[in-house]
Every structure is written in C-alpha cells, then in structure tokens.
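1. Please find the sequence and the predicted model below.
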Amino acid sequence: MIADWVKLLRNNPIFADGAYPLVCMLRTDNDGAWSKENEEWIDMIREHNINMYYVSPDRHADENGFAERACGILEVVVKSLLAERALPPSWWQRCAVAAKFLLNRFPVTSDD
C-alpha cells in the first residue's frame, strides 16, 4: 500500500516541479512490517529510492515526539467521539475516520 501511495504522489503533476521526489525519507521505529530485516520492505524502499531513519527504541519518545503526540491527539479524539455517543468499542474505526476528518479541518495548536 505504501508503494502505491508513493507512486500516486510522485506521478501527480502538481508535485512534478519539486527539488526532490516526494517521500524521499521515512522516519519510524523498527517495527516488523518495515524493519531492516524485512526483505520485501527493503526491496520496495530501494526500488523507490527512499531513505529510512529508524529511531532508537530507548529514545523513541525523544526522537519521534511529534509523531507520538499526533497519535496521542488522534487517540483522545477517537475516545471522545466514542464516549460522546456512548458507542461500543467496535465503532472505533468509524470514529477514527471522523476524528481524522475533524482534525484536518482545525488549525494546529501553536507551540509558541
């Protein structure tokens, strides 16, 4: 799915004039799906010329703090939507889509 997403972005004429190809670096933990040992993943990033930056497990919160906080904010909004309507946990996916919709329409909080 990620390879398809990269191809879709890079083939979009809107982004054709960039100084570098879109999705040229991914910063993540060393999870099994995209780990250094996953040969299928390594082949895909080589094919698309993507550089990987793996954060260290003991410094995960420090090195990947923005991503961790973004997930935390999404989690709070999903739980709020579930609680607001007293929905069962099986509705979490629908609430996650709604949370993404809402969060993409509100400005980010300034860290000033």
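-> Here it is on my side, so go on.

2. element containing residue 27, please.
-> Using DSSP states H and E, residue 27 sits within strand 25-28.

3. That strand - which strands sit beside it in the sheet, and in what orientation?
-> strand 51-54 (parallel) (DSSP bridges).

4. immediately after the stretch of helix or strand residue 71 belongs to, which helix or strand?
-> Per DSSP H and E: residue 71 is located in helix 65-84. Next in sequence after helix 65-84, counting helices and strands by DSSP H and E, comes helix 92-103.

5. can you list contacts of that following helix?
-> Residues outside helix 92-103 that contact it (Cβ atoms under 8 Å, 6 or more residues apart in numbering): 73-74, 77-78, 81-82, 87. For glycine as for every other residue, the C-beta is placed from the backbone atoms N, C-alpha and C.

6. want to throw these into a markdown table with neighbour count, pLDDT and distance to residue 38?
-> Output for the contacts of helix 92-103, formatted as a markdown table (neighbours: other Cβ atoms under 10 Å; pLDDT from 0 to 100; distance: Cβ to Cβ, whole Å):
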| residue | neighbour count | pLDDT | distance to residue 38 |
| --- | --- | --- | --- |
| 73 | 14 | 91 | 29 |
| 74 | 14 | 93 | 25 |
| 77 | 18 | 94 | 31 |
| 78 | 20 | 96 | 28 |
| 81 | 18 | 96 | 34 |
| 82 | 19 | 96 | 33 |
| 87 | 13 | 94 | 35 |
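
7. Tell me the one of these nearest residue 14?
-> residue 74 (26.3 Å; Cβ to Cβ).

8. quick one: contacts for residue 36?
-> Neighbouring residues of residue 36 by Cβ under 8 Å, 6+ apart: 30, 42, 52, 54.

9. neighbours around the closest residue to the last one other than its chain neighbours, how many?
-> Meaning residue 54. The shortest distance from residue 54 to any residue other than its chain neighbours is 4.8 Å, reached at residue 30 (Cβ to Cβ, 6 or more residues apart in numbering). Number of residues near residue 30 (other Cβ atoms under 10 Å) recorded here: 15.
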